[in-house]
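Chemist: I need the structure of the sequence given here:
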Amino acid sequence: MSANRIAVNTTTLCIYSLQTGFRCFSTFFLYPTIVIVENIRSLFISFKVFPLPVLNWSKMFHCSVWLLYITPVGSFSDKNVYDWSSEEEEPDGRARPVQVLLVKDDHTFELDEAALSRILLAEEVRDREVVAISVAGAFRKGKSFLMDFMLRYMYNHASEDWLGDPEEPLTGFSWRGGSERETTGIQIWSEVFLVDKPDGRKVAVLLMDTQGTFDSQSTLRDSATVFALSTMISSMQVYNISQNVQEDDLQHLQLFTEYGRLAMEETFLKPFQSMIFLVRDWSFPYEFPYGQEGGMKFLEKRLKISENQHEELQNVRKHIHSCFTNISCFLMPHPGLKVATNPHFDGRIKEIDSQFINNLQVLVPWLLSPRNLDVKEINGSNITCRGLVEYFKAYIKIYQGEELPHPKSMLQATAEANNLAAVAAAKDMYNKKMEEVCGGDRPFLAPSELQARHSVIREEALQVFRGVKKMGGEEFSRRYLQQLEAEIDEVFVQYIKHNDSKNIFHAARTPATLFVVIFVMYVAAGITGFVGVDIIASVCNMILGLALITLCTWAYIRYSGEYRELGAVIDQVAGALWDQALYKLYNVAANHRHLYHHAFPGPQVEEVAEEHSRKRD
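Modeler: Residues are numbered from 1 along each chain as shown. Got it, this is the predicted structure:
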């Protein structure tokens, strides 16, 4: 962006113009001319008109032209212009931000494993314990601007004047003024810094810049995923907030950290390490002074839990305390009107308010001094750069899948709760009225009457749902109406079974079926034994004994309440036998009886028919 790039000097511009012009000249004139000349030479040689010398000069010139042609345009430009894919080496060997997490147009996420591995698996850092520092927060609040000052400190921390020349533009992570977002996904600085801790350990320091939350092109899930991933990966998360720590800032932090905790393995330890609330443009230094001391007093007041607080407010604060091992705060002043209103501001220190610079010289060393660098830990174990790559891969796979619930906006969550409450009220009304119709102490009701009463009460329940004022609109509520209808129909099936259990004939179907089997087998055994078919008689006697034992077992289960699963199996077998055999035999017998009466009407039937005939006459 114009505010973040070094102006191209005259020499660079001349080289760029010459390079571009030579490309056009070689492409459209010089190269075709050389090809034509060589073709003519080949033609003369083939016809042996006269020999021509080999044009080695043309091939040499051809190679030199193409070497110039493939030289990257803009390779002489400043380091703030970045065009580096994961499959290329750094064009000029200089460090730059590298996109490792990409948010696609369809709101899915992709990890650039090649770029991540090239940075973190470099030989000098891959086995070093890693310190990952990330800045996250709402978009257009100066996160990348702050990251570039952190970069300047990492390169110049040996000097007391690490801010450098007041005339030098600020470079590093891409940033600019304005209202539109700049950073997308997650970027990391391509150079991992090696720092000696006071205890003698040499650790690798990784700087991460993240996409701002709640921009106009991102869903809530996009914002939650990027924030959660950066919090899970980093050992120090800087939560960049504008002007004040409001309740919605805490609620969003609760949502994002919980979304991250869902993706991690359960542990008794706090899942995340350091959280620094960085309040930018602090306007109340007379209440709490700028810096860490004022910030800690301010944050203590904001996160205080008191008995007279609402339960919702208490839960937010308890959740934040349960997620981080260390929580701190720093209050920063406004950088000045020149920074806020000048569209051509490029980060020169001389244009920034002196009060901001003074506090910046305290903030950045406080964050990045060797004694304050926290090594990344997961489940109590220190993580190396090599291990961080594997955790990054594992976490992004979780967020690429559908295992985690999608976070919802406050309106959507409220509308869902509102509609679910209406469903619960309507279903409760249905249950109460159906209990009055066929509840536990009510007598058996004819199935047709039960169906009719159900239809009336069901419609009343649907009217209760429709009558409740609901958020989200009619289209949103339609699926909850369908859910209510399905749940009522499921409950009605249970009421049918409960009502049938009160029917003495329905309850006696199992013993009646077993008695019929016993009687039939007794008669069949007697007849077959009488005629001398002893084998069939023995089989009938065996079935008779089995049915008698089953009947006794069923009676014991009904009396004692034990072995209910076995009783259910006996009921199912008896029901199947009744439906498939006995009930069909009964219907066949009834039909035959009906046909017999029609074919051979008795005297009484004939007299009744004659009486009806006389009445009609």
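Chemist: Val279 in helix, strand or coil?
Modeler: strand (DSSP: H, G, I helix; E, B strand; the rest coil).
Chemist: Show me where the stretch 401-550 of the chain has its helices.
Modeler: 410-438, 447-467, 473-500, 504-507, 509-531, 534-560 (DSSP state H, counting those that start in this stretch).
Chemist: any chance of these in a markdown table, plus mean pLDDT, mean neighbour count and distance to Lys301?
Modeler: From N, CA and C alone the C-beta is placed, and that goes for glycine too. Compiled in a markdown table, these are given as follows (pLDDT from 0 to 100; neighbours: other Cβ atoms under 10 Å; distance: least, Cβ to Cβ, whole Å):
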| stretch | mean pLDDT | mean neighbour count | distance to Lys301 |
| --- | --- | --- | --- |
| helix 410-438 | 84 | 16 | 25 |
| helix 447-467 | 91 | 15 | 45 |
| helix 473-500 | 89 | 14 | 40 |
| helix 504-507 | 64 | 11 | 69 |
| helix 509-531 | 84 | 17 | 72 |
| helix 534-560 | 86 | 15 | 66 |
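Chemist: Please convert those to JSON lines, extending it with distance to Val573.
Modeler: As requested, the helices of the stretch 401-550 of the chain are arranged in JSON lines below (distance: least, Cβ to Cβ, whole Å):
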{"stretch": "helix 410-438", "distance to Val573": "28"}
{"stretch": "helix 447-467", "distance to Val573": "24"}
{"stretch": "helix 473-500", "distance to Val573": "18"}
{"stretch": "helix 504-507", "distance to Val573": "16"}
{"stretch": "helix 509-531", "distance to Val573": "9"}
{"stretch": "helix 534-560", "distance to Val573": "8"}
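Chemist: So which of the ones you listed is nearest Gly200?
Modeler: helix 410-438 (49.8 Å; Cβ to Cβ).
Chemist: Of the helices of the stretch 401-550 of the chain, which is nearest Arg302?
Modeler: Closest among the helices of the stretch 401-550 of the chain, using Cβ to Cβ: helix 410-438, at 20.5 Å.
Chemist: Run through the neighbouring helices and strands of the closest one.
Modeler: Applying 3 or more Cβ pairs under 8 Å, 6 or more residues apart in numbering; DSSP states H and E, one finds that helix 410-438 contacts helix 447-467, helix 473-500.
Chemist: so what does the first one touch, helix or strand wise?
Modeler: Read that as helix 447-467. helix 410-438, helix 473-500.
Chemist: One more: the last one?
Modeler: The elements that helix 473-500 packs onto, with contact taken as 3+ Cβ pairs under 8 Å, 6+ apart, are helix 410-438, helix 447-467.
Chemist: what angle do the last one and helix 473-500 make?
Modeler: Computed with axes from the mean of the first three to the mean of the last three Cα atoms, to 10 degrees, the direction of helix 447-467 lies at 150 degrees from that of helix 473-500.
Chemist: and the angle for helix 447-467 with helix 410-438?
Modeler: Using the same axes, to 10 degrees: helix 447-467 against helix 410-438 is 150 degrees.
Chemist: So Ala204, which state does it fall into?
Modeler: strand.
Chemist: Okay then, goodbye and thanks.
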